[in-house]
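J.: Sequence first, predicted model second:
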Amino acid sequence: MILYKVGSWFYRKKCSVIPKFFNGLIRRLHNSAVYSETVIGKGTVFGYGGIAVVIHKRTVIGENCVIGTCVTIGGRSKSEGVPMIGNDVYIATGAKVLGSIIVGDNVVIGANAVVIEDVPSNCIVAGVPARIIKSGITARGYF
């Protein structure tokens, strides 16, 4: 997150070269693709340093989220949109969140789930494709 924050700061200051350097540094050191252009809220953390995490440049991630290893958050082929992730969302290891979808607040996405449809707030989703397995929860109790 430190490398992302520094690169993002330079990106917001309209500097074009330095964010690209930090994007490459993140890729080399952490084997992940977390771009300076991505909007990531305060308090969001990556498990184990974000190993093998891939996040699309235009994705928006809320505050206080936990993103596990090997998570992919991005578009789908022939789709312009990318996911928007709410606050207090836990995305477990290996999950894929794909397409022009919205994931609400206080959501838990299970390990290796493939989320391709909108997810309402306060629920747990799992499976391929992901389905709601429990609703009316507060995600903070799960991580």
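T.: Sure, I can see it. Residues are numbered from 1 along each chain as shown.

J.: contacting residues for the residue nearest to residue 39 when sequence neighbours are not counted?
T.: Closest residue to residue 39 apart from its sequence neighbours, by Cβ to Cβ, 6 or more residues apart in numbering: residue 60 at 4.6 Å. To be clear about C-beta, it is placed using only N, CA and C from the backbone, and glycine gets the same treatment. Counting by Cβ atoms under 8 Å, 6 or more residues apart in numbering, residue 60 touches 38-39, 84-85.

J.: And the residue lying closest to residue 26 once chain neighbours are set aside, how far from residue 133?
T.: Leaving aside its sequence neighbours, residue 26 sits nearest to residue 3 (Cβ to Cβ, 6+ apart; 5.0 Å). Residue 3 is 35 Å from residue 133, where distance means Cβ to Cβ, to the nearest Å.

J.: Which residue of those two possesses the greater neighbour count?
T.: For residue 3 and residue 133, the more surrounded residue by other Cβ atoms under 10 Å is residue 3, and the numbers stand at 17 against 13.

J.: That one: helix or strand, and which one exactly?
T.: helix 2-12 (DSSP states H and E).

J.: which residues touch that helix?
T.: Under the contact criterion Cβ under 8 Å, 6+ apart, helix 2-12 has outside partners 18-19, 21-23, 25-26, 29-30, 34-38, 40.

J.: Try it again at 6 Å.
T.: Applying Cβ atoms under 6 Å, 6 or more residues apart in numbering, the external contacts of helix 2-12 come out as 18-19, 22, 25-26, 34, 36-37.

J.: Can you list the buried residues in the helix ranked longest in the chain?
T.: The helix that spans the most residues within the chain, counting by DSSP state H, is helix 17-30. Neighbour counts over helix 17-30 (16 or more other Cβ atoms under 10 Å) mark 19, 22-23, 26, 30 as buried.

J.: The very next helix or strand once past it pairs with which strands, parallel or anti?
T.: Next helix or strand after helix 17-30 toward the C-terminus (DSSP H and E): strand 33-34. Taking DSSP bridges as the criterion, strand 33-34 forms sheet pairs with strand 54-55 (parallel).

J.: Now do the strand it pairs with: everything it contacts.
T.: 33-34, 38, 72-73.

J.: Just confirm residue 129 contacts residue 115, I think it does.
T.: No: when contacts are counted by Cβ atoms under 6 Å, residue 129 is not listed as touching residue 115 (7.4 Å).
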